[in-house]
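Engineer: here is a sequence with its predicted model. Questions after.
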Amino acid sequence: MGYRVAIVGATGAVGQGIAKKLEERKFPADDILFLASARSAGSKMEFGGKEYTIEEAAPERFDGVDIAFFSAGGSVSKQLAPEAVRRGAVVIDNTSAFRMDPDTPLIVPEVNREALKEHRGLIANPNCSTIQMVAALEPVRRKYGLKKVIVSTYQAVSGAGAAAIGELEKQSTDMENRAGAEAGLLPVKGDKKHYPIAFNAVPQIDVFSEDGYTFEEWKMINETKKIMGMPELSVAATCVRLPVVTGHSESIYFETDEPTADTAGIRESLQRAEGITLMDDPESQTYPMPLFAEGKDDVFVGRLRRDLDTPGAFHFWVVADNLLKGAALNSIQIAEALIADGLLKGEKADGSRQYSDGDGHAV
Ligand code: A2P
Ligand code: 11C
């Protein structure tokens with residue numbers, strides 16, 4: 001028997017990715033609900049060769065839902081995710097609404113799968129740029145420990161949603177008027193100024209906090225410490241938006257606990273890690289790039305080299321599809337881990353399902 005699944009934000013860039021990946025991975029879904037705003041209600045979506053009608057997300061839609069994937073913005077999650085949990089669904093939330101809540105596990109399965117055991121119905125999926133960074137650092141940490149991380153990101157516009165892709169596409173055709181191209185969305189919808197993203201690099205993702213870091217940068221700092229369970233880890237981030245449709249890139253400097261750590265050992269740990277592809281051969285100009293990571297599941301690592309001054313410190317370049325490992329795929333991997341570990345409500349550890357009639361009797 002399969003599960004009743006809901007996707008909230010089904011028409012969005014991540015929601016579409018979730019639907020596609022559920023189908024591709026043959027996720028055991030008996031029934032699927034596509035939910036979005038009132039604007040999309042009534043329009044159609046295809047899934048598994050069948051046509052579905054998109055419905056407006058509302059509390060009662062979650063009655064009988066086993067797993068709900070949320071990707072419709074933080075305010076929708078804040079309003080509806082607790083309702084879905086109350087109605088018995090396990091929610092996997094792609095927004096930042098609950099990530100730093102101490103009662104909500106923040107999960108990248110290959111890093112901290114065991115934290116799923118603590119869930120109370122709500123599990124947070126980290127920010128896309130955080131996921132690919134911790135996935136690449138985890139094999140290193142397991143082998144050599146980790147002390148300090150400094151990351152600069154080169155992020156794709158799809159991280160800002162489907163409308164941002166439209167803005168890049170539109171501006172990209174206007175070679176003559178590059179600096180004056182009409183901009184209404186990026187860097188941040190609702191901020192005071194907007195800048196063209198085509199032919200540009202914008203050092204602002206999300207709004208600024210008073211300390212001069214942006215919220216995207218704070219997400220990378222705080223989420224990394226939480227996922228890795230290392231509040232003492234030193235992390236600094238600079239996040240930049242580039243005119244790339246999909247695929248975030250990151251230049252990462254990291255210091256291990258082992259002054260004698262070497263690139264051969266790091267290479268070996270990365271090669272053995274699940275979900276990581278090492279693409280690192282300067283002689284043949286082999287390194288990861290977003291154009292080639294788009295549509296792929298893995299996190300790609302290249303340009304590994306030791307720091308010239310600090311023993312045990314290194315640099316590498318990490319690229320992943322921000323809509324897949326950064327969002328849809330990681331969410332589905334969380335759901336798959338919950339099923340495999342017997343952690344969905346009413347589920348026994350052997351994977352067979354068992355519901356209570358409310359009096360503690362299995363039915
Ligand atoms: P809709 O298409 O009906 O606006 P993206 O991040 O790519 O911009 O997508 C955002 C997703 O969130 C879309 O599926 C959008 O649906 C959905 N959404 C936005 N506002 C709401 C809302 N109030 N209730 C439910 N879904 C919403
Ligand atoms: C971006 N990382 O690329 C952001 C989007 O917290 O899930 C992810 C927002 C989030 O713009």
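Structural biologist: On my side now, so go ahead. Ligands and ions are numbered 1, 2, ... in the order given.
Engineer: going forward, measure contacts between C-alpha atoms and count neighbours the same way
Structural biologist: OK.
Engineer: residue 324 contacts residue 299, correct?
Structural biologist: No - Residue 324 lies out of contact with residue 299 (Cα atoms under 8 Å); the separation is 9.9 Å.
Engineer: from the chain's centroid, how far away is the helix or strand containing residue 317?
Structural biologist: According to DSSP states H and E, residue 317 maps onto strand 313-320. Averaging C-alpha coordinates over strand 313-320 and over its chain gives two centres that are 18 Å apart (Cα atoms, centre = their mean, to the nearest Å).
Engineer: also stretch 206-224?
Structural biologist: Using Cα atoms, centre = their mean, the distance from the centre of stretch 206-224 to the centre of the chain it belongs to is 16 Å.
Engineer: so does the strand holding residue 317 get close to ligand 2?
Structural biologist: No - counting by Cα under 6 Å from any ligand atom, ligand 2 is not contacted by strand 313-320; separation bottoms out at 11.7 Å.
Engineer: and that strand, average pLDDT?
Structural biologist: Averaged across strand 313-320, the pLDDT comes to 99.
Engineer: now do that strand: which elements does it pack against?
Structural biologist: Here strand 313-320 touches helix 128-144, strand 248-255, helix 290-293, strand 299-306, going by 3 or more Cα pairs under 8 Å, 6 or more residues apart in numbering; DSSP states H and E.
Engineer: can you tell me the average pLDDT over stretch 176-192?
Structural biologist: Mean pLDDT, stretch 176-192: 94.
Engineer: would you tell me whether it gets close to ligand 2?
Structural biologist: No - figure legend: stretch 176-192 not in contact with ligand 2 (Cα under 6 Å from any ligand atom); closest approach 8.7 Å.
Engineer: buried residues, the helix or strand hosting residue 169. List them.
Structural biologist: Secondary structure assignment for residue 169, by DSSP H and E: helix 162-172. Taking 16 or more other Cα atoms under 10 Å as the basis for neighbour counts, the residues of helix 162-172 that come out buried are 164, 165, 167, 168, 169, 171, 172.
Engineer: following the strand holding residue 317, which helix or strand comes up?
Structural biologist: Next in line after strand 313-320, if elements are assigned by DSSP H and E, sits helix 329-340.
Engineer: who's in contact with that following helix?
Structural biologist: Helix 329-340 is contacted from outside by 17-18, 21-22, 67, 69, 92-94, 107-109, 113, 116, 125, 297, 323-324, 344, 349, 351, using Cα atoms under 8 Å, 6 or more residues apart in numbering.
Engineer: same thing but at 7 Å, please
Structural biologist: Helix 329-340 has contacts (Cα atoms under 7 Å, 6 or more residues apart in numbering) with 18, 21, 92, 108, 109, 125, 324, 344, 351.
Engineer: any idea of the angle it forms with helix 128-144?
Structural biologist: Angle between the axes of helix 329-340 and helix 128-144 is 60 degrees (criterion: axes from the mean of the first three to the mean of the last three Cα atoms, to 10 degrees).
Engineer: report the distance from helix 329-340 to the chain centre.
Structural biologist: Helix 329-340 has its C-alpha centroid displaced from the chain centroid by 13 Å (Cα atoms, centre = their mean).
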